[in-house]
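Chemist: just to be clear, the model below is a prediction. Sequence and coordinates:
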Amino acid sequence: MKLKHNKKRNTAFLYETLMRELTKTIVNKNEGQKEKVVLIIREHFSNNSLLSRELKLYNALDDSYDLEPHTAEKLIFEVKKEYSNINKEKLFVEQTVLVDKVNKILSKSIFSNFVPNYKNLATIYQIFNNETPVKKRVLLEQNIFKKLTFKTKEKIGQMKPINNLVYQSFIKRFNEKYSDKLLKEQRTLLNKYVTSFVDNGVELKIFLNEEIGRLKKYVSNSLNSEEVKKDSEMLKKTKDVLKILEGFKEEKINKKLVNKVLQIQNLVEEIKN
């Protein structure tokens, strides 16, 4: 008997589909809907919620690559062990409240949003689900193991957690060194990247969605300037930058993406001046 994947009980899917909705509201300049989505994300994925705790376990298996076999096996074991300690009844209640709020405040259509890593999240959901037959669960874990040990050409920059003392020290040095050298938007981006471990990257993702929308607006408008129109090379490069910004919605947030955004923030500042 095939176990049906219930996406409304898949915490990672709920989070990702809300982030997709947030992106749509920014693109469509729907401020009212955007504020509702942001409020729901912040309320239900705060650091002390079970939803946030479970989401971190999904992310541990979904965002990791290039691991040694022993490390991958250990990660799967520890994630499953941690998951077994979650109060499933309370988690069910938190999911129910979230789904009910999305239906009433936003729209049921949100659950139809396209989530690129849906298949992987569905696999992890079935690994976590005790109703999944043992044989199937083992085979699914093997698939996750292969993904975890897959060797990419380039290491993906992951957001590594840091403790509070290290964080405070870094922020102090960061502000002293860069306060006069970086744009306000760049300082905000880097601050949120460094502190992303606190809230599972919620504030960073919300900021990036808004910031990328702002950058796209400026770059798009620059295509209409006479200076750009007359220079074929500049026109081509501007279109290339716009294409990069459009592609961000399909990328995971990592060090490489943050660096690209920092560079484009500089470019936009030049365009404005």
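Modeler: The structure has been received and is ready for your questions.

Chemist: rest of the way, CA atoms for contacts and neighbours
Modeler: Will do.

Chemist: what does the domain assignment say about the chain?
Modeler: 7-148, 164-272 (automatic domain parsing).

Chemist: mean pLDDT lowest where, among those?
Modeler: Mean pLDDT values for those show the minimum at domain 164-272, a mean of 78.

Chemist: can you show me the strands along the stretch 151-273 of the chain?
Modeler: Taking DSSP state E, counting those that start in this stretch to define them, one finds no strands in the stretch 151-273 of the chain.

Chemist: please, where are all the helices along it?
Modeler: When assigned using DSSP state H, counting those that start in this stretch, the helices of the stretch 151-273 of the chain occupy the ranges 164-178, 184-194, 202-222, 226-230, 232-247, 255-272.

Chemist: distance to residue 129 for those - can I get that in a markdown table?
Modeler: Listed next are the helices of the stretch 151-273 of the chain as a markdown table, based on distance: least, Cα to Cα, whole Å:
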| stretch | distance to residue 129 |
| --- | --- |
| helix 164-178 | 34 |
| helix 184-194 | 32 |
| helix 202-222 | 25 |
| helix 226-230 | 55 |
| helix 232-247 | 33 |
| helix 255-272 | 32 |
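
Chemist: could you dump the domains of the chain to CSV with mean neighbour count?
Modeler: As requested, the domains of the chain are exported to CSV (neighbours: other Cα atoms under 10 Å):
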stretch, mean neighbour count
domain 7-148, 16
domain 164-272, 15
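
Chemist: returning to that earlier point: which one of the helices of the stretch 151-273 of the chain lies closest to residue 142?
Modeler: Between residue 142 and the helices of the stretch 151-273 of the chain, the shortest gap by Cα to Cα is with helix 255-272, which sits at 28.2 Å.

Chemist: orientation of that closest one relative to helix 202-222 in degrees?
Modeler: With axes from the mean of the first three to the mean of the last three Cα atoms, to 10 degrees as the basis, helix 255-272 and helix 202-222 are set at 40 degrees to each other.

Chemist: quick one: helix 255-272 to helix 184-194, angle?
Modeler: With the same axes, to 10 degrees as the basis, helix 255-272 and helix 184-194 are set at 170 degrees to each other.

Chemist: what's helix 255-272 packed up against?
Modeler: The contact analysis (3 or more Cα pairs under 8 Å, 6 or more residues apart in numbering; DSSP states H and E) places helix 255-272 against helix 184-194, helix 202-222.

Chemist: looking at those helices, which is nearest to residue 38?
Modeler: Comparison of those against residue 38 by Cα to Cα identifies helix 202-222 as nearest, at 7.4 Å.

Chemist: centre of the protein to the edge, which residue is at the far end?
Modeler: The C-alpha centroid of the chain is most remote from residue 230, which lies 38.4 Å away (Cα atoms, centre = their mean).

Chemist: for residue 16, which of the helices of the stretch 151-273 of the chain is the nearest?
Modeler: Distance to residue 16, taken as Cα to Cα, is lowest for helix 202-222 among the helices of the stretch 151-273 of the chain, at 10.6 Å.
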